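Asks: Provide a 3D model corresponding to the input given below.
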Amino acid sequence: MRSTRSGSELTSRRAPRLVRLCFAVRRSRSTASRFAVTPSSDTSARVIATAGHVDHGKSTLITALTGIDPDRLREERERGMTIDLGFAWLTLGGGGAVGIVDVPGHQDFIRNMLAGVGPVDAVLLVVALDEGVMPQTREHLAILGVLGVDRGVVALTKRDLVDDEWASLARADVSATLQGTRLASAPMIEVSATAKTGLVELVDALDRVLATAPARRDLGRPRLGIDRAFTLTGFGTVVTGTLVDGSFATGDEIEILPTGRRARIRGIQTHKRSLDVASPGSRVALNLTGVEKDELERGMVVVRPGTLAPVSVVSARVEVVGSASEAIAHDEAVKVHAGTAEVMARISLLEGATLEPGATGWAQLRLAEPLAVAVGDRFVIRRPSPPETLGGGAVADISGERMRRRREAVAVLERRSAPTPASRLLAALDVP
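Replies: Numbers count the residues shown, from 1 in each chain. Below you'll find the predicted structure:
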């Protein structure tokens, strides 16, 4: 008989175990059928990502919600844990489909988690009731805060493994942890993926939260950060990612940054449906002609030619998370995660020699490799050794001007990040 946890055991939580989490979209029986579906337009441009500690049941929950087989990589099956991003989709009550990016929960694969949680409409934070809040729960919450993810639902999993007293105590633990975060008011739903309880309530909560998300902006400058690139027999090169800032159509010429390689869109698909046009906010697979899979990698960006240029210097107001073990130092080497990309950089602080935990300040990031980013893009900064999430911010300036630590430079950046067009116009005339 399966045992359950009692409330008196809460103070002696077991150590986290590793589990296989969701990675991939279920393989279809026919390879050709993946792009051979009746064309249509994309009207379901919503994406959510999972978050949470390893072994808290993210993949089991996604499988229960979607019916999509999570198994993909042999190494993941052999090791019993998720290593890379997983993808699925769910049909909501209103009939629309929402894309799901499932992320690894183990700290060793945080770089892959960061590649999946950027341009999402909401997060599904998973916390197992038998363990409660764990280290990666907290780190994922900090990352979500830095990235500005302020909508979500908390799934309290493994309800069938605990009694009512334990569940109440664990729920209070989660609620206390969420206070002061962007998810403080997120609904919490108790579920059991194995017993199939709470799933309807969870889908309803996701539907309500996504209904409050603003429409994705269409600036006429589509961008897709590549999170997967592969070859599909009979079709050729395919890349996947979340589309932002504009639409792509079949036949469009595209440019791949930072290399500048040109190609053309042969086909578009989302949730196994072929499309003529993909809208901003969609999880998209692009079948490309004129480029080989070996020329592509995660972190590259697909754009309309001439609409974006890679940069090597980025200015931003950086926030250091309160949980950082120590301050960020001027000229420190850091890892920058922006979209699906990851590059090393030197951080030049413009307002002092250090930036303490919980503080914010203007800085420039001198990138070791060019990045295709736009003003407003969110990013995360991590310390490479020992690995630790330090903070992040939003890109304020990509002019490439190197600024010294002086008051005038900060004033210029303040104006350039101002919300009004008039302020930004005046700032454009400034020379730091």
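
Asks: measure L199 to T63 for me?
Replies: From L199 across to T63, the span is 11 Å (C-beta to C-beta, to the nearest Å). C-betas here are computed from N, CA, C, even on glycine.

Asks: any shared contact partners between those two?
Replies: Shared contacts of L199 and T63, defined by C-beta atoms under 8 Å, 6 or more residues apart in numbering, comprise A193.

Asks: okay, these two: which has more neighbours?
Replies: T63 (20 against 17; other C-beta atoms under 10 Å).

Asks: and the residue nearest the centre of the chain, what does it touch?
Replies: Compute the mean C-alpha point of the chain, and by C-alpha atoms, centre = their mean the closest residue is V117, 1.0 Å away. Contacts for V117 (C-beta under 8 Å, 6+ apart) come out as 49, 51, 101, 103, 123, 143-144, 147, 149.

Asks: next step: the residues you listed restricted to strands.
Replies: Residues of the contacts of V117 located in strands (DSSP state E): 49, 51, 101, 123.

Asks: in JSON lines, list those residues along with neighbour count, pLDDT and distance to S59.
Replies: Putting the ones in strands among the contacts of V117 into JSON lines (neighbours: other C-beta atoms under 10 Å; pLDDT from 0 to 100; distance: C-beta to C-beta, whole Å) gives the following:
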{"residue": "A49", "neighbour count": "27", "pLDDT": "94", "distance to S59": "13"}
{"residue": "A51", "neighbour count": "30", "pLDDT": "94", "distance to S59": "13"}
{"residue": "V101", "neighbour count": "27", "pLDDT": "90", "distance to S59": "12"}
{"residue": "V123", "neighbour count": "29", "pLDDT": "97", "distance to S59": "16"}
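
Asks: and of the residues you listed, the nearest to G306?
Replies: Nearest to G306 among the ones in strands among the contacts of V117: V101, at 29.2 Å, using C-beta to C-beta.

Asks: residues contacting that closest one?
Replies: Here V101 is in contact with 47-50, 85-87, 116-117, 120, 242, 283 (criterion: C-beta under 8 Å, 6+ apart).

Asks: what does E295 give?
Replies: Contacts of E295 (C-beta under 8 Å, 6+ apart): 256, 259, 261.

Asks: quick one: the first one is in a strand?
Replies: Yes - secondary structure of I256, determined by DSSP: H, G, I helix; E, B strand; the rest coil: located in a strand.

Asks: I figured P187 hits A155, correct?
Replies: No - the criterion here is C-beta atoms under 8 Å, and P187 misses it with A155 at 9.8 Å.

Asks: tally of neighbours for R402?
Replies: 13.

Asks: nearest spatial neighbour of it, chain-adjacent residues omitted?
Replies: V313 (6.0 Å; C-beta to C-beta, 6 or more residues apart in numbering).

Asks: A128 now?
Replies: H56 (3.9 Å).

Asks: wait, the one you found touches V126, no?
Replies: Yes - counting by C-beta under 8 Å, H56 does reach V126; the two are 4.9 Å apart.

Asks: overlap in contacts of these two?
Replies: T157.

Asks: which stretches of the stretch 1-150 of the chain form strands?
Replies: Assigned by DSSP state E, counting those that start in this stretch, the strands in the stretch 1-150 of the chain fall at 40-41, 47-51, 86-91, 97-102, 122-128.

Asks: what of the stretch 151-300 of the chain?
Replies: Using DSSP E, counting those that start in this stretch, strands in the stretch 151-300 of the chain cover 152-157, 188-190, 223-225, 228-232, 236-244, 248-249, 253-257, 261-270, 273-278, 283-289.

Asks: and V380, what does it touch?
Replies: 114, 143, 146-147, 336-338, 389, 391-392.

Asks: 6 Å instead, please
Replies: Counting by C-beta atoms under 6 Å, 6 or more residues apart in numbering, V380 touches 114, 143, 146, 337, 392.

Asks: what's the spacing between the first one and H140?
Replies: L114 is 10 Å from H140, where distance means C-beta to C-beta.

Asks: could you do the fourth one as well?
Replies: Using C-beta to C-beta, one gets 13 Å for the distance from H337 to H140.

Asks: tally of neighbours for V375?
Replies: Neighbour number of V375 under other C-beta under 10 Å is 16.

Asks: apart from its chain neighbours, what residue comes closest to A45?
Replies: G281 (3.4 Å).

Asks: before we move on, the earlier item: could you dump the contacts of V117 to a markdown table with distance to V321?
Replies: Formatted as a markdown table, the contacts of V117 follow (distance: C-beta to C-beta, whole Å):
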| residue | distance to V321 |
| --- | --- |
| A49 | 19 |
| A51 | 15 |
| V101 | 22 |
| V103 | 18 |
| V123 | 17 |
| I143 | 9 |
| L144 | 11 |
| L147 | 12 |
| V149 | 14 |
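
Asks: out of these, the closest to V318 would be?
Replies: For the contacts of V117, the nearest to V318 is L147 (13.5 Å; C-beta to C-beta).

Asks: for the stretch 51-200 of the chain, which spans come out with low pLDDT?
Replies: 69-83, 94-95, 105, 108-109 (pLDDT under 70).

Asks: next, count neighbours for the spatially closest residue to V98 that is not a sequence neighbour.
Replies: In this structure, V98 finds its nearest non-sequential neighbour in R46, 4.4 Å apart by C-beta to C-beta, 6+ apart. Residues lying near R46 (other C-beta under 10 Å) number 24.

Asks: so who does R46 touch?
Replies: 98, 121, 210.

Asks: between these, which is nearest V321?
Replies: Of the contacts of R46, the one sitting nearest to V321 (C-beta to C-beta) turns out to be D121, at 22.8 Å.

Asks: just give me the neighbour total for S385.
Replies: 7.

Asks: my bad, A341
Replies: 26.

Asks: how about it: what's its closest non-neighbour residue?
Replies: Nearest non-adjacent residue to A341 (C-beta to C-beta, 6+ apart): G299, at 3.5 Å.
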